[in-house]
Each structure stands twice: as C-alpha cells, then as structure tokens.
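> model this:
(4 chains)
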Number of protein chains: 2
Amino acid sequence: MIASLSSPSPAASTAEEEAYLYLHKALRLGRYKAGERLIPEDIAAEIGMSRMPVREAFRRLAADGLVTLRPNRGCVVAGLTLDELTEAFEIRSVLEGLAVRLAMPKLTAEHFEELDRLLLRMERAGEAGSSDWVLRHQEFHAYIYGLSGRPKLIRQIAALHVAIEPYMRIWFDYVEKPLSAREEHQTLIDAFRAGDVAEAERVMEDHVLGTASLLAEFASPGRR
Amino acid sequence: MIASLSSPSPAASTAEEEAYLYLHKALRLGRYKAGERLIPEDIAAEIGMSRMPVREAFRRLAADGLVTLRPNRGCVVAGLTLDELTEAFEIRSVLEGLAVRLAMPKLTAEHFEELDRLLLRMERAGEAGSSDWVLRHQEFHAYIYGLSGRPKLIRQIAALHVAIEPYMRIWFDYVEKPLSAREEHQTLIDAFRAGDVAEAERVMEDHVLGTASLLAEFASPGRR
DNA sequence: GTTTGGATAAGTGGATACAAAAATCCAGTG
DNA sequence: CACTGGATTTTTGTATCCACTTATCCAAAC
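Residues are numbered from 1 along each chain as shown, chains lettered A, B, ... in the order given. I've put the predicted structure just below:
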C-alpha cells in the first residue's frame, strides 16, 4: 500500500549503508540533540565497524540536511533555525502542490477511499501521541505525493518531511489537536474529490504553508 | 554582482574538496560521457591524492545527482532519461516560480536594469556559441532566484541547473536561436516590471515548462 | 579575578594495506 | 560455433596507521 515512506529500506548490504540507516533512524527519532557533535569513533564502536564507513555515512546525511559537516571540525546534528524551517515548508508547499497537480488526473474512487482510511488511522494515532501521529501524517502525505509517479520529486519531499519531523512532534505535542488536524486534511480529500486540478494544488499549498505559520511560533527552542 | 552562480567556490581546503570541485567542473563541462564509469584510482592519480577523498567526493556528487553510486559497482556518470529530464524541469518550474514570488516584493528599478544587462550579455554570448550562452543563461536565472534570499531554495535550483546543463547545450546548439531566447526572457522581465506577483510567478513557471517541452524532443540521444 | 599562552589531549583527514566482491577472460563442452 | 563454468584480474569496501588540526585545560601574568 504505502511503498517505503521516507525511510530507506531496512536491508544494508554494506557497512556504510548500515551506518547510514542507523544514524538516519536515530536522527529521526531525535536521539541526538541539535548541535550535538557526532564522533565517528563512538558511532563506529556502537555498531561494530571502523570509522571509515561512518564518515561516508556522514556525507550522505549532510546531503540530506540532517547533519552539518565542516572541515577539521567534524559532524554536528543540524537543527533548523526558524528561517530554515519556514523555508523548508515553503519548498514543501510548492513541491507537494506540484505532486498533487501531477497526481490528480490519475485519481480514482479507490484512491479517495484509501485516503479516508489513512486519515482515520492518522486521527486514531493522534489520540495516542505525537510520535505515531507524525508517522501517520507522513504516511498520508506520502500516499498523495507518491501518486505523482515522479521519483525525484518524491525523494525530495520525503527528505523535507524527515528534516522537519522533530519540529512536527514538538508542535503536535504542544498545540495541535487530533480533531483540527482531521479537518485540515479532510479539506484536502474534499478538494481531490472535487476534481479541480488547479484548486487542489492550491489547497495543498495552503495546507502546507498554513502548517508552517502555526508551527513557526513553537519552533524556536534556542536551536542553532 | 552575481555571487557564486551554481559552482562551489574555487578554494579547496581539503583533498576531498579539491576532488569534488575537480569532478564537479569536469562533469559540468561534459568531459565525461553519461554512463561512463569513474574509477577512483584514476581520478586520484590525476589530481595527486589517494582514492579515499575521491570516494567521498563521489558521495557528494551522487547527492547532487551528477553521478550514480551502487554498492560494489562503483560510480557512473548520471545521464538523465527523458522522464528524469522532464521531472527536473517540472521541479525547477515550481521552485523558480516560488523564488520569483518571494523576490517580487523586493524588486526595484535597479534590479530591472541589471536584468536588462544580463539579458543583453546572454544574447551576445548566444551569438558566440552554446557554451557561453548556457552560462549566461544560468547567470540570468541565478540573479532572479538569488533575490529570493532563501539559501536552500537557491542551492536546490542551482543544482538542477547544473544537472540539466549538458542538455541545454545540446538543445541550444541544435534548436534555439539567440533571438527567440531573448524574447522568452524579455517576457520574464516585463512580467517583473508589471509588478503582479501571481502573474510573474506564473510566467516563470510557464517559461521553464515551455523550455522543457522544447528540449524534450532533442534530449534522448540514447542516454541511460 | 580575568586573561593569555602554551602544553596536552582529542579528533579529523588522508594514505596504505588487506579482504571481499564483481568483472573478465579463457578453456572446455555440448 | 555458442555456451557454461571457473580461474584470474580488476575494483570496491573496510581497517589500520600516521600526520596535522583543533579543542581543552592549567598555570602564569596582568
């Protein structure tokens, strides 16, 4: 149903891949704090390999925007400033809008029903807590932009979702209530069902930007 | 005036940086053919270092989409399929559209004049050949999206320009005439001068998508 | 008490060495 | 003559080692 969400596949064929998956997961779960320094030797010891594959994993994580790499100064967990967070949402809004535009012509009744199910699941998860809700929320969005059928677009959007994930958790814990989230996303499904491509794209853009401005108020816990 | 275009700064503080810059430049200039395999040992020998920093440079280039990396199978120059090329333009169109939307409120008469100058320079370069024209064309676009003031957005758009650069050369050599390119881009400047944000964004999107469909016809020289 | 300088420790970048995987080549077989 | 299987070669992936940079800490000076 949902292909792979945003996380890479669990099977690691090389040590570098294993290190990347390990760190990617840890970073998504917020195991390291923003600004914290990641020491290759320690990570390598944790997962039983040498520093080398870990170093290469760092480069990939840096490309994902999850860590920052500076010459002779190592690897630090990349927190987003308020500006950066806003920018991520701005980019997400047009990319997910584009995805909707591309997906719209392909949508059928089955897709709408699946979206209803995903929304229901997201709502139920929301009652349990932010952790599940964030994943279900990603799943909901991933289902939509996945229907665009554009591999690079999908990867880019997924990467943005991962980068903003920690902030979504904070936001949901402190502000959002499952019911208002439900309404927000119901609006999306309604727009898809209505069948107006341009309008659906606009609704998706607004949805993402709307989330951004709500989130912005809570997203500056002194992170660099 | 133009900050850095899309290419990274020329000074390399580490060997990895040097390898990255060297390969980035070579790839942009089309020194390697799409599908060609890059052997770390050879590259390392060419620029006088060991394989290691070259390997790490490969990872960054892979993140840029300029090469493809597969476990145990090395590094190959990433050609774009027609679908991938189209997708790159689709993404470019919404990102550059967004950049225009963000830049519009900041534009003054000086900016319009600078755009006129850049357009003139692009036109003159076009008479010389595709190589210069492509760079001037990038410069023109970079000036616009640079005014958005959004670092990540700028980086992403610049990366897309680099990825499609070889195809722009082909296209320009075979199809485009300096004068029609001039008219296309004059339309952009006119839209900016008119001051309607939504309209300017739309014009930029259309410009990019229009280029895509023209380019598509010439972009499938059997590349993988 | 704060600042500055330098010794010391910690960590990063890069080269070499070695092991494992893939590609190539070649001989034997149908 | 095409094909299969296996030895050889090539190339990739990882570990270890060393040199150099950066950070830390302590003591002396202001």
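
> DNA strand D contacts on chain A?
Contacts of chain A with DNA strand D, taken as C-beta under 7 Å from any atom of the strand, map to A:14-17, A:44, A:49-53, A:56, A:71-73. Glycine gets a C-beta too; all of them are placed from N, C-alpha and C.

> reformat those as TSV; add neighbour count.
Listed next are the residues of chain A next to DNA strand D as TSV, based on neighbours: other C-beta atoms under 10 Å in any protein chain shown:
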residue	neighbour count
A:14	13
A:15	18
A:16	22
A:17	18
A:44	19
A:49	18
A:50	12
A:51	16
A:52	16
A:53	20
A:56	22
A:71	10
A:72	6
A:73	9
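
> which ones among those lie within helices?
Judged by DSSP state H, the subset of the residues of chain A next to DNA strand D located in helices is A:15, A:16, A:17, A:44, A:51, A:52, A:53, A:56.

> got the CA coordinates for the least confident helix or strand in chain A by mean pLDDT in PDB?
Sorting the helices and strands of chain A by mean pLDDT, DSSP states H and E puts helix A:178-194 at the bottom, at a mean of 88. The C-alpha coordinates for helix A:178-194 follow below in PDB (Å, rounded to 0.1, in the frame of the first residue of the first chain):
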ATOM      1  CA  PRO A 178      -6.300  15.500  16.500                       C
ATOM      2  CA  LEU A 179      -9.700  17.000  15.500                       C
ATOM      3  CA  SER A 180      -8.400  20.100  13.900                       C
ATOM      4  CA  ALA A 181      -5.800  18.100  12.100                       C
ATOM      5  CA  ARG A 182      -8.600  15.900  10.900                       C
ATOM      6  CA  GLU A 183     -10.400  18.800   9.500                       C
ATOM      7  CA  GLU A 184      -7.400  20.200   7.800                       C
ATOM      8  CA  HIS A 185      -6.700  17.000   5.900                       C
ATOM      9  CA  GLN A 186     -10.300  16.300   5.200                       C
ATOM     10  CA  THR A 187     -10.300  19.600   3.300                       C
ATOM     11  CA  LEU A 188      -7.500  18.100   1.100                       C
ATOM     12  CA  ILE A 189      -9.500  14.900   0.300                       C
ATOM     13  CA  ASP A 190     -12.600  17.000  -0.500                       C
ATOM     14  CA  ALA A 191     -10.600  19.100  -2.900                       C
ATOM     15  CA  PHE A 192      -9.300  16.000  -4.600                       C
ATOM     16  CA  ARG A 193     -12.800  14.500  -4.900                       C
ATOM     17  CA  ALA A 194     -14.000  17.800  -6.400                       C
END
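
> show me the contacts for the most centrally placed residue in chain A.
The centroid of chain A falls nearest to residue A:161 when counting by C-alpha atoms, centre = their mean (1.6 Å). For residue A:161, the contacting residues are A:6, A:92, A:138, A:141, A:142, by C-beta atoms under 8 Å, 6 or more residues apart in numbering or on different chains.

> restricted to helices, list the residues you listed.
Per DSSP H, these map to helices at A:92, A:138, A:141, A:142.

> which SSE is the residue nearest to residue A:64 when sequence neighbours are not counted in?
Leaving out its chain neighbours, the residue that sits closest to residue A:64 by C-beta to C-beta, 6 or more residues apart in numbering or on different chains is residue A:159, at 5.6 Å. Using DSSP states H and E, residue A:159 falls within helix A:151-174.

> just residue A:95 next, same as before
Using DSSP H and E, the element containing residue A:95 is helix A:82-103.

> got the angle for that helix vs helix B:151-174?
Here helix A:82-103 points in a direction 50 degrees away from that of helix B:151-174 (axes from the mean of the first three to the mean of the last three C-alpha atoms, to 10 degrees).

> that'll do, ta.
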